[in-house]
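In: Everything below, folded, please.
(one chain, ligands or ions: 3)
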Amino acid sequence: MSRTLIVSNRLPTKVLRTDEGLTFQPSEGGLATGLGSIYRRGDNLWIGWPGLFVQDEAEEAHISQELRADNMAPVFLTESEIHDFYEGFSNGTLWPTFHYFSDLATYEQSHWEAYVAVNQKFCEAVLAQAGPDDTIWVHDYQLLLLPEMLRRARPEAAIGFFLHIPFPSQELIRVLPWRTELLEGMLGADLIGFHTFGYLRHFLSAVSHLLGWPAQNGQIETPTRTIRVDAFPMGIDYERYAKAATSEAALAHMAEYREALRDTRVILSIDRLDYTKGIAQRLRAFDLLLQRYPEWRGQVSLIMLVVPSRDQVAQYASLKEEIDELVGRINAQYRTISWNPILYFYRSLPLEELVSLYSLAEVALVTPMRDGMNLVAKEFVASKVDKKGVLILSERAGAARELSDAIIINPTDMGQLAESMHEALVMPEEEQITRMTAMQALVRRYNVFSWSRLFINQLAYTKMKQHTLATEMLSNEATTQLLTDFKASQQRLILLDYDGTLVPFHPNPQRAEPGQELRLLLRALAELPSTRVVIISGRDRATLANWLGDLPLDFIAEHGVWLRTAGEDWQLFQPLRADWKRDLRPVLELYVARTAGSFIEEKDFSLVWHYRRADTDLGIERAREMLSHLSFMTANTDLQVLEGNKVIEIKNAGINKGSAAARWVERYAPDFTLALGDDRTDEDTFRALPSEAYTVRVGSGARSLARFHLASPIDVRRLLRKLLG
Ligand SMILES: O=P(O)(O)OC[C@H]1O[C@H](O[C@H]2O[C@H](CO)[C@@H](O)[C@H](O)[C@H]2O)[C@H](O)[C@@H](O)[C@@H]1O
Ligand SMILES: O=c1ccn([C@@H]2O[C@H](COP(=O)(O)OP(=O)(O)O)[C@@H](O)[C@H]2O)c(=O)[nH]1
Ligand SMILES: [Mg+2]
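Out: Ligands and ions are numbered 1, 2, ... in the order given. Have a look, this model is predicted:
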């Protein structure tokens, strides 16, 4: 039976070493609490780190056995892995970078090496568990390399990846020395999920700027695969919180707290200790509230629960000191014998106590500087059974995209924060209920179960589409058949596109020379008996002649405008005009001036605008503009505007690679035809050939008229070498 394997750095259970021996406790943090409710459903398995350094094999065996019974498989980390991978690269490099705290980030080669090694360790742990039909769902920034590692070991596996933290602007990603590896690591997945559309957009822009792979309709095309990307805002186990809020235990706690607090009103703040959560800023804003509105002194207390987290990382330890100091100062300044401004707890609490705090508080103050989602905000909403209470929420938490009925604030605007607390404290009950009702409907409906169902279904759908849409890979069997047919044939025709097919793209087109190895290969092919090898390219004839003209090859240049049979002169496909260039060249020049990095290539009977070296987004934008501009200018002429890979070409209509290829078929009547090409213009060739021809599209999984697919120029050359026998 197929299962889902959840893979994350932290397991939902953490093991602690206490005086009484090992104890097992629920983990804190949104990933563990959020997903904790779903993995037990069905026969699923969760693979991850149990949160401590294990001393010996006996301890390891004991922990494995205990966790196994609860559908968990532990990955143990050594002390130095915890230091370099977890505290170092994950929480000292990636966490600050992805939360826009780049100045706190460290860049240590040894931490990076540990990150690679631990991702590899996770890869082996997954491979040891995963059956061929299992779905693998990898989570979060500690495992960015894992999808690609798994992909290499299991090319066909269904692999999903979800990022729980923000994905920042590509300006921050590009600072990372290992940015390429990290992005490529994620792209090993079939489906990549983010909490918000904003994070998704940043990711697509990073992939397009830093790797050069464009996206369309939520899909990224790499040279070898198509990857789906989407936003899936994570939810919570709504009923668990709603039920817990009315449980006997929670009601008992509530009564106890209420008695101790008498009629003091409560503002609540709950987070892991983290500089991204804006805890210190929140304290200063509370101070400001008491200054601006002295009437709240003695009336309102801030209950602040801070859960210990990552205390071995330097910035976390110093933040703890700052908070201690601030709480001390504010309390010392305002407290009275019967009233404490801030009730500060530095520990974690069990669910019933947590929920009774949610119920008790009139206001929840969730004001992170940056937060992937923030589940505390949703848990507060779910726990408000009587629908009274106000949520103050940072616009920089993922949750703010959904919870628009909260009071949305900018967490750095101290004045706004203080005012929002006042506003919350005086908000009429009716308005509280209206807002809370709307938020509850949303949090109840888009809960953690629907979230995971949506992701897993989307992953299955993506996988299915990959199978049905992709042109068949040129398999070993198909290659064997191709070679047999080739040997048996009397007259062979081989049509080879140049860029993207025989050689990879180069940012400067004039630098994509063939090289000695390719030249030897082409010569050997052309010297086989009864074999015509044709270079069929959009390039100008001079360049092709310069690079390959001395070889016994035929040429189709400028997309079919110029033709040359080996040993003869160039001929025009048909008489053509070029006087239109005079009118259109200034238009292209205008776009060159407006698009840094773009340039014009002039051929005898066409003009090409190249934007491969321009900023990717600007290039796409200008290309769109140019297309509409040119379609207006070329209406009712016999010119054609053609879009290619980062180029726009204007040429005479009716002449293309297909019409030229047809001439060769007519002239030589081959009984074996092989055509290879990577671009839209090569589809004309594929269309023009008889159905028994071997047509092969090179590159990504785009739809093609070709019968087969090959991944890259490397595979093309490998195939051509096989023809030599
Ligand atoms: O494992 P730790 O180092 O102890 O840290 C705890 C977790 O913190 C982060 O949680 C995030 O996930 C939440 C759910 O998607 C989201 O609401 C929140 O905004 C994130 O910060 C981290 O991403 C997890 O990997 C950690 O386990
Ligand atoms: O004493 C506590 C306080 C909080 N939490 C949980 O920790 C999670 C925090 O998740 P959130 O998404 O708000 O932020 P993260 O810590 O993941 O960045 C929430 O589910 C809380 O219920 C907990 O388990 N014990
Ligand atoms: Mg090409």
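In: can we go C-alpha only for contacts and neighbour counts from here?
Out: OK.
In: Can you give me the distance of Ala73 to Leu572?
Out: Here Ala73 is placed at a distance of 69 Å from Leu572 (Cα to Cα, to the nearest Å).
In: Also Phe486?
Out: Distance from Phe486 to Leu572, by Cα to Cα: 31 Å.
In: And the two? Which one has more around it.
Out: Between Phe486 and Leu572, counting by other Cα atoms under 10 Å, Phe486 is the more crowded of the two (19 against 12).
In: Now for the more buried one: which residues touch it?
Out: 492, 672, 723 (Cα atoms under 8 Å, 6 or more residues apart in numbering).
In: and the gap between the second one and ligand 1?
Out: Spelled out, that is Phe672. Taken as Cα to the nearest ligand atom, to the nearest Å, the spacing of Phe672 relative to ligand 1 amounts to 56 Å.
In: Repeat that for Asp84.
Out: When Asp84 is compared with ligand 1 (using Cα to the nearest ligand atom), they lie 13 Å apart.
In: Might you report the residue contacts of the residue lying closest to Thr93 once chain neighbours are set aside?
Out: Closest residue to Thr93 in three dimensions, ignoring its sequence neighbours and counting by Cα to Cα, 6 or more residues apart in numbering: Ala105, at 4.7 Å. Going by Cα under 8 Å, 6+ apart, Ala105 touches 92-94, 96-97.
In: Tabulate the residues you listed (TSV), appending neighbour count and secondary structure.
Out: Shown next, in TSV, are the contacts of Ala105 (neighbours: other Cα atoms under 10 Å; DSSP: H, G, I helix; E, B strand; the rest coil):
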residue	neighbour count	secondary structure
Gly92	23	helix
Thr93	24	helix
Leu94	20	helix
Pro96	18	helix
Thr97	23	helix
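In: So out of everything in the stretch 1-150 of the chain, what residue is nearest ligand 2?
Out: Gly30 (3.2 Å; Cα to the nearest ligand atom).
In: Could you double-check that that residue sits in contact with Leu375?
Out: Yes. With contact defined as Cα atoms under 8 Å, Gly30 reaches Leu375; the gap is 6.0 Å.
In: Now distance to ligand 3 and pLDDT too, for the contacts of Ala105, in TSV please.
Out: As requested, the contacts of Ala105 are exported to TSV (distance: Cα to the ion, whole Å; pLDDT from 0 to 100):
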residue	distance to ligand 3	pLDDT
Gly92	43	97
Thr93	40	98
Leu94	38	98
Pro96	42	98
Thr97	38	98
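In: Got the phi and psi for Arg532?
Out: Main-chain torsions, Arg532, degrees, to the nearest 10: phi -100, psi 120.
In: how close does it sit to ligand 1?
Out: For Arg532, the distance to ligand 1 - Cα to the nearest ligand atom - is 59 Å.
In: quick one: Phe605 and Ile655 touch, right?
Out: No. At 10.8 Å, Phe605 and Ile655 do not qualify as touching, with contact defined as Cα under 8 Å.
In: what touches both of these two?
Out: Joint contacts of Phe605 and Ile655 (Cα under 8 Å, 6+ apart) are Val561.
In: Filter the contacts of Phe486 down to the buried ones.
Out: For the contacts of Phe486, a burial check counting by 16 or more other Cα atoms under 10 Å picks out 492, 672, 723.
In: Return the subset of those residues lying in helices.
Out: Residues of the buried ones among the contacts of Phe486 located in helices (DSSP state H): Leu723.
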